[in-house]
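> Quick one, fold the following:
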Amino acid sequence: MKGSSTATRSRDNTTRNPFVKVEEPHAHTTAPPKGVEVTKASRERLLRVWRGFVKVGVGVLIFSGVMNSIVNPLIINPISRLLNPPAAAAVHLDEASARQVAAATVADWLTYNPQQLAAYRTVITGEFTGTGDATTAWAGSAWMAPDIVVAGPVVTQPRDQLAVTVTARVRIAIPDKASQAVPEQAVSAGDPGNNPAQPAGYTVTSTQWFHLQVPLTNNGGTFTAAAIGPVFTDSTAPITTSPGPAADGEATDASKAWATSLFTAYAGTDPTALGYLTGTDLPMLPLNGQVSLGQVNNWTVQTAAEGETGRIAIASVTWNIPGTDLTVRQMYTVELAQQGQRWFATNLTSTPATGGTA
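Next comes the predicted model:
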């Protein structure tokens with residue numbers, strides 16, 4: 001017991017000895033382990049990223065709402081409509097209707113009775129969009145009436161207009177005494193275009209086939225005969241040259257004599273003579289004596305359109321019916337090409353109608 005007591009005191013003395021450093025046990029800390037600190041930091045970063053996404057999403061939604069409700073309808077859409085106007089709705093072109101109008105027009109136009117001029121001009125005025133002047137109507141003392149009228153191919157023309165080719169057979173009679181006056185006769189009741197039988201004192205001298213083209217005015221798919229009237233032509237080729245901005249006085253003067261030669265050959269029977277004046281890409285056939293040239297009344301060559309080498313010329317031509325005094329004026333469009341000092345006609349057709357709505 002004594003030994004034990006001594007050992008106890010020795011340990012107590014050691015503990016209380018100021019010269020001996022005694023290590024105290026480690027106190028418990030409240031800081032989380034290092035791994036826990038790392039996990040918390042990652043969570044905070046994820047929260048910051050999530051808040052960023054939320055802010056961006058809200059901003060996009062606000063921006064989209066502003067654009068859709070204010071900017072687009074008030075600013076963007078009006079500007080877009082100004083810069084890109086909507087295309088016009090396509091209009092169905094009823095070719096059957098166009099042929100019917102052309103055939104009826106030609107039948108009335110060729111029903112010419114010098115004893116009923118007033119009635120004839122009334123019909124023509126109504127047929128050709130309100131005009132029946134000398135550029136459309138026939139004149140002379142002979143009598144003419146169609147017995148067959150057949151509408152053929154439809155030809156597209158600029159500005160969404162159309163022309164219809166028509167073939168007609170007519171009987172032509174002349175007065176027995178060419179010098180005798182032609183009395184005006186009253187028109188019987190009924191359609192003013194009704195034509196009585198061949199007048200007394202007239203003799204049928206010929207039956208002719210006429211090959212014509214009738215330009216039509218397109219009024220949103222409804223057709224009327226254009227005021228410029230039909231022309232004698234076999235062409236079914238569309239006009240591909242754009243009209244120039246103005247008349248070319250120098251070219252007009254330089255080609256007047258050539259224009260007279262062109263229409264003289266066109267009325268004739270010699271394809272070779274006509275071929276010398278026309279392009280080889282689109283051979284033209286002469287009218288084979290259906291008419292003879294009276295004169296080229298007006299001839300105007302236009303300047304070339306930008307980017308094009310071909311030109312457009314407009315001609316007013318007076319035709320005569322051989323063996324009679326019947327005359328008519330017609331308006332032609334001629335597509336031209338020039339090689340050196342020579343002119344060539346590449347197409348000879350009716351003049352497209354003006355006005356109308358496609």
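> Which stretches in the stretch 201-350 of the chain count as helices?
249-267, 271-275 (DSSP state H, counting those that start in this stretch).
> how about the last one: buried residues?
Which is helix 271-275. Using 16 or more other C-beta atoms under 10 Å as the test for burial, helix 271-275 gives 274, 275. From N, CA and C alone the C-beta is placed, and that goes for glycine too.
> thinking again about what came up before, kindly compare burial across the helices of the stretch 201-350 of the chain and name the winner.
helix 249-267 (a mean of 18; mean count of other C-beta atoms under 10 Å).
> how about that helix as PDB, C-alpha atoms only?
Only the C-alpha atoms of helix 249-267 are listed here, as PDB (Å, rounded to 0.1, in the frame of the first residue of the first chain):
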ATOM      1  CA  GLY A 249     -36.000  59.300-134.100                       C
ATOM      2  CA  GLU A 250     -32.800  58.400-135.900                       C
ATOM      3  CA  ALA A 251     -33.600  54.700-136.100                       C
ATOM      4  CA  THR A 252     -37.200  55.500-137.200                       C
ATOM      5  CA  ASP A 253     -36.100  57.700-140.100                       C
ATOM      6  CA  ALA A 254     -33.400  55.200-141.100                       C
ATOM      7  CA  SER A 255     -35.800  52.300-141.300                       C
ATOM      8  CA  LYS A 256     -39.000  53.800-142.900                       C
ATOM      9  CA  ALA A 257     -38.200  52.600-146.400                       C
ATOM     10  CA  TRP A 258     -37.300  49.200-145.000                       C
ATOM     11  CA  ALA A 259     -40.700  49.100-143.200                       C
ATOM     12  CA  THR A 260     -42.600  49.700-146.400                       C
ATOM     13  CA  SER A 261     -40.600  46.900-148.100                       C
ATOM     14  CA  LEU A 262     -41.400  44.600-145.100                       C
ATOM     15  CA  PHE A 263     -45.200  45.100-145.300                       C
ATOM     16  CA  THR A 264     -45.200  44.800-149.100                       C
ATOM     17  CA  ALA A 265     -43.400  41.500-148.900                       C
ATOM     18  CA  TYR A 266     -45.600  40.400-146.000                       C
ATOM     19  CA  ALA A 267     -48.800  40.900-148.100                       C
END
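> now what about stretch 317-325, what contacts it?
Here stretch 317-325 makes contact (C-beta atoms under 8 Å, 6 or more residues apart in numbering) with 140-142, 144, 172, 174, 178, 205-206, 208, 232, 263, 267, 289, 291-297, 326-332.
> If any of those residues are buried, give me the PyMOL selection for them.
The following PyMOL line selects those of the contacts of stretch 317-325 that are buried, judged by 16+ other C-beta under 10 Å:
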select buried, resi 140+141+142+144+172+174+208+232+263+267+291+293+296+326+327+328+329+330+331+332
